[in-house]
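Undergrad: Okay, sequence plus prediction incoming.
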Amino acid sequence: MAADFSPIPGTARMTDVAKAPVPFDLSTLKQNWRQRILAMRAAGVMPIIDIESNLSENLDVQRFARQMDAEGVALIAFSGIAAGRGWSDAARYAVAADPWRYIPTGDGGLPPDWKNNPMDFARITKERTVSDGYPLMGEYEFRHYPSPDQIQRGNTQRDEDLPIDSPAGHQLFQFSAESGIPFEIHLEIEDQYLAPLEKMLKQYPKAKVIWCHLAQMRYQSRNTVYGPDYVRKLIDQYPNLYFDLFSGPPDHIYPGSGEYPGKYWDRTTGRLLPEWAKLIAEQPWRFMTALDLNPFIMNAFSRKVGMQRAVLASLPEPVREIVAYKAAWKLLFNEDF
Ligand SMILES: [Zn+2]
């Protein structure tokens, strides 16, 4: 694939350059991003916007720019990792070092900051989103089981359990409803969490929520409700609810349960099950590609892109580019690409 869709950054370390001024100059950045998407399309590449990844200021932006170009990943919603500092500003460094490839996104609601003091982190989020002009807030972990890479590293501490209708949850929903800025949630799919989520969606119909990781179920026995029909019902009922499509590979087994968590896959074909493909094809503006990157799994980048391309290949041709990048563009910038 062509590797000259956009300039390669002049430095590998993003912190070698000054942070981007804020509020972000989104109109100039959008011109870069639009050009990059158009260049990929002209080269016959389906551009992908990754709507959900947590990356740090240690990312080698030169090397990663080449990897993104090679895989046809147009843009990554770059969400920094506060890592105990209250806020990271990593997205400001990323955008300054490479104004072609990253959509600045607020820091994710990750431990320890969010876990130790959710109200404080929600307050900082609101302040920074207003002052810096982030078009998207990061992924907030409400119910979150330890991730597979953490279990591999022997770290089972990240077992988050903050109710979606906790005071900090209300802060985020209310702020999103008032500002129109979307935010992302990680909420394990389980019967017990559905009613509180729906209660919040009902109370804040204008809040723009991306529920991350469509159909990722780590414990099937805790689920009797969620499936394509339930998601269809949610989409019909809640006009500002969206989903990210990240999933591990079809044969991935969650080490905590010994089960296949990727419920939308047909494991024999490596494509979407027809009922999930049908749902996404009916409502393509509600679904977005996502890579769910974090600094520990960067060597899985190509594989993760491959998974999202397998999702796109399962969809009818006319909706693929909506799910790949147009739905994200529309949600973040309130305009059609
Ligand atoms: Zn997540």
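TA: Yep, it's here.
Undergrad: contacts and neighbour counts: CA atoms only from here.
TA: OK.
Undergrad: Show me which helix or strand of this protein is least confident by mean pLDDT.
TA: Of all helical and strand segments in the chain, the minimum by mean pLDDT, DSSP states H and E falls on helix 148-152, at a mean of 80.
Undergrad: send the alpha carbons of it over as CSV?
TA: Once non-C-alpha atoms are left out, helix 148-152 reads as follows in CSV (Å, rounded to 0.1, in the frame of the first residue of the first chain):
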residue,chain,number,x,y,z
PRO,A,148,-6.7,-10.5,28.7
ASP,A,149,-3.3,-8.8,28.4
GLN,A,150,-3.5,-7.8,32.1
ILE,A,151,-4.2,-11.3,33.2
GLN,A,152,-1.2,-12.4,31.1
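Undergrad: So what touches it?
TA: 156, 254-256, 296-297 (CA atoms under 8 Å, 6 or more residues apart in numbering).
Undergrad: Let's see if you can find the most crowded of those.
TA: The member of the contacts of helix 148-152 that has the most neighbours, counting by other CA atoms under 10 Å, is Y254 with 20 neighbours.
Undergrad: Just list the residues touching that residue, thanks.
TA: Y254 is in contact with 148, 218, 260-261, counting by CA under 8 Å, 6+ apart.
Undergrad: so what pLDDT did it get?
TA: The predicted local confidence for Y254 comes out at a pLDDT of 94.
Undergrad: For beta bridges, what are the partners of it?
TA: Per DSSP bridges, residues listed as beta-bridge partners of Y254: E259.
Undergrad: Wasn't I185 part of a strand?
TA: Yes - the secondary structure assignment for I185 places it in a strand, going by DSSP: H, G, I helix; E, B strand; the rest coil.
Undergrad: and it, how far is that from V323?
TA: Summarising the geometry, the distance separating I185 from V323, computed by CA to CA, to the nearest Å, is 19 Å.
Undergrad: Skipping adjacent residues, who's closest to L162 in space?
TA: Setting aside the residues directly before and after it, L162 is nearest to F142 in space (CA to CA, 6 or more residues apart in numbering), at 4.7 Å.
Undergrad: Ok, R101 next?
TA: With sequence-adjacent residues excluded and distances taken as CA to CA, 6+ apart, R101 is closest to L75, at 4.8 Å.
Undergrad: from memory M137 sits against I103, does it?
TA: No - M137 lies out of contact with I103 (CA atoms under 8 Å); the separation is 10.9 Å.
Undergrad: what about R128, helix or strand, and which?
TA: Here R128 sits within helix 118-132, counting by DSSP states H and E.
Undergrad: And the contacts of helix 148-152, which is closest to R66?
TA: Minimum separation from R66 among the contacts of helix 148-152 (CA to CA) is found for I297, which lies at 17.2 Å.
Undergrad: hang on, the closest one in a helix?
TA: Yes - looking at I297 with three-state DSSP, it is inside a helix.
Undergrad: Measure how buried the closest residue to it other than its chain neighbours is and give me the count.
TA: In space, and not counting its chain neighbours, I297 is closest to D149: 7.6 Å by CA to CA, 6+ apart. Counted with other CA under 10 Å, residues neighbouring D149 total 15.
Undergrad: in stretch 179-197, what counts as buried?
TA: Of all the residues in stretch 179-197, those buried under the rule 16 or more other CA atoms under 10 Å are 180-190, 197.
Undergrad: Can you measure across it, start residue to end residue?
TA: With CA to CA applied, stretch 179-197 spans 20 Å between its terminal residues.
Undergrad: Stretch 153-173 too?
TA: So stretch 153-173: terminal residues 33 Å apart, CA to CA.
Undergrad: Contacts for it next, please.
TA: Contacts to stretch 153-173, defined as CA under 8 Å, 6+ apart, come from residues 111, 115, 118-119, 122, 141-147, 150, 183, 196-197, 200, 204, 207-208.
Undergrad: switch to 7 Å and redo it
TA: When contacts are defined by CA atoms under 7 Å, 6 or more residues apart in numbering, stretch 153-173 is touched by residues 118-119, 122, 141-146, 150, 196-197, 200, 204, 207.
Undergrad: Farthest pair within these?
TA: Set against one another by CA to CA, the contacts of stretch 153-173 have their most distant pair in Q150 and Y204, with a gap of 33.5 Å.
Undergrad: So between these two, which is more surrounded?
TA: Y204 (19 against 14).
Undergrad: residues touching that one, list them.
TA: Counting by CA under 7 Å, 6+ apart, Y204 makes contact with 173-174, 177.
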